[in-house]
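# Sequence first, predicted coordinates after that:
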Amino acid sequence: MSERDKVFSGSIPELYDTYLVPLIFEVYAHDLAERIAALSPKDVLETAAGSGVVTRTLAPRLGLEVRYVVTDLNQPMLDHARSKQSADDRITWQKADALDLPFEGESFDVLGCQFGVMFFPDKVAAFTEARRVLKPAGRFVFNVWDEIEQNEFAHVVTQAAGEVFPEDPPVFLARTPHGYHDMSTIRSDLRAAGFSDVLIETVEEMSTAPSPRHPAVAYCQGTPLRNEIEARDITLLEHVTDRAAEAIASRFGIGSVSGKIRGHVVTATR
């Protein structure tokens, strides 16, 4: 993973929330929120909260007495998430590095993380920190994307971007969001961090967009793929977006389009 993979700034947070969240994240946010709420936690920590889709989904499901700490390493994303959240005295917003959490040990019943661990440069270090801040029998609940070939819009967009830059294809989506999908590796990393009880479930859904351009904008302009495109040629962002939209239309049709998305949901018990 390159340093550019972690840069969510400028217009990316707003585009991410407007286009990408309803496209692929909302359905998994509901799944993760239901799993966490079913555990009846009193103290909840969320890491890599991004634009806050899990926070908005989980908060109404938690009891009135629950303490909910929401963190992200990226301040612009955290600011955006907070701006979208209704006033809630249970929620504390805090910039934090998942590899070096600023919390006492054994502080939380549940740690949740939606599609964030793929961005952690040292997975075992992050998992070790997660275990440290969990209470005995606490749960670490997170999800990761399956390989890019199983996530159709992301795959088509990556191929289209590669056709514009054949000598140096932008592969952010394959490298990072879809780069940590091997279940044996995930289990091994969690065991190295001290987790022994690990459950992994694969959840497949359909992603629907109002037009082929919607997922093209979502991926090309609402993720760090944009940084890769602009680093190659800052004038070609719209061109790559157009090519991606054409490729999606060619495969899925015009008008409303639907494509498969698939991820793994992991529950590790301390």
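Nice, I can see it.

# Looking at the residue nearest the centre of the chain now. What's its pLDDT?
For the chain, the residue nearest the mean C-alpha position is F115 (2.8 Å; CA atoms, centre = their mean). F115 carries a pLDDT value of 97.

# just checking, it touches G179?
No: the criterion here is CB atoms under 8 Å, and F115 misses it with G179 at 11.9 Å. From N, CA and C alone the C-beta is placed, and that goes for glycine too.

# before we move on, back to that, the residue nearest to the centre of the chain - nearest residue in space that isn't next to it in sequence?
Counting by CB to CB, 6 or more residues apart in numbering, the nearest residue to F115 once its immediate chain neighbours are dropped is N143, at 5.9 Å.

# quick one: what helix or strand has that neighbour in it?
For N143, the host element (DSSP states H and E) is strand 134-145.

# Please compute how far the longest helix along the chain lies from its chain's middle.
Identified as the longest helix of the chain according to DSSP state H is helix 237-252. Taking CA atoms, centre = their mean, to the nearest Å, one finds helix 237-252 lying 23 Å from the centre of the chain it belongs to.

# for stretch 208-217, same thing?
That offset, for stretch 208-217, works out to 19 Å (CA atoms, centre = their mean).

# Which positions within it qualify as buried?
Buried residues in stretch 208-217, counted by 16 or more other CB atoms under 10 Å: 209, 212-217.

# Out of those residues, which comes closest to E152?
E152 lies nearest to P215 out of the buried residues of stretch 208-217, by CB to CB, at 9.3 Å.

# List the residues that contact the closest residue to V156 other than its chain neighbours.
Of all residues not flanking V156 in the chain, A247 sits nearest, at 5.1 Å (CB to CB, 6+ apart). Applying CB atoms under 8 Å, 6 or more residues apart in numbering, we find A247 in contact with 156-157, 159-160.

# Tell me the one of these nearest E106?
Using CB to CB, those come closest to E106 at V157, 42.5 Å.

# any idea of the mean pLDDT for the host helix or strand of the closest one?
Following DSSP H and E, one finds V157 within helix 152-164. Averaging pLDDT along helix 152-164 yields 98.

# And for stretch 180-199?
Mean per-residue pLDDT for stretch 180-199: 97.

# Spell out which residues sit in contact with the nearest residue to L20 once chain neighbours are set aside, please.
Ranked by CB to CB, 6+ apart and with sequence neighbours excluded, the top spatial neighbour of L20 is A218, at 4.3 Å. By CB under 8 Å, 6+ apart, the contact list for A218 reads 15-16, 19-20, 23-24, 153, 209.

# Tell me the one among these nearest to H264.
For the contacts of A218, the nearest to H264 is I24 (14.3 Å; CB to CB).

# Which secondary structure state is assigned to the closest one?
Following DSSP: H, G, I helix; E, B strand; the rest coil, we place I24 in the helix state.

# E65 now?
Going by three-state DSSP: E65 is coil.

# mind checking how far it is from L134?
Distance, E65 to L134, using CB to CB, to the nearest Å: 19 Å.

# Tell me which of those two has more neighbours.
Each of E65 and L134 has its neighbours counted (other CB atoms under 10 Å); L134 has more, 24 against 7.

# quick one, what contacts the nearest residue to the more buried one once chain neighbours are set aside?
The shortest distance from L134 to any non-neighbouring residue, by CB to CB, 6+ apart, is to R270 (4.4 Å). By CB under 8 Å, 6+ apart, the contact list for R270 reads 131, 134-140, 194-195.

# Selecting buried members of these in ChimeraX, what would you type?
Per 16+ other CB under 10 Å, the buried members of these correspond to this ChimeraX selection:
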select :131,134,135,138,139,140,195
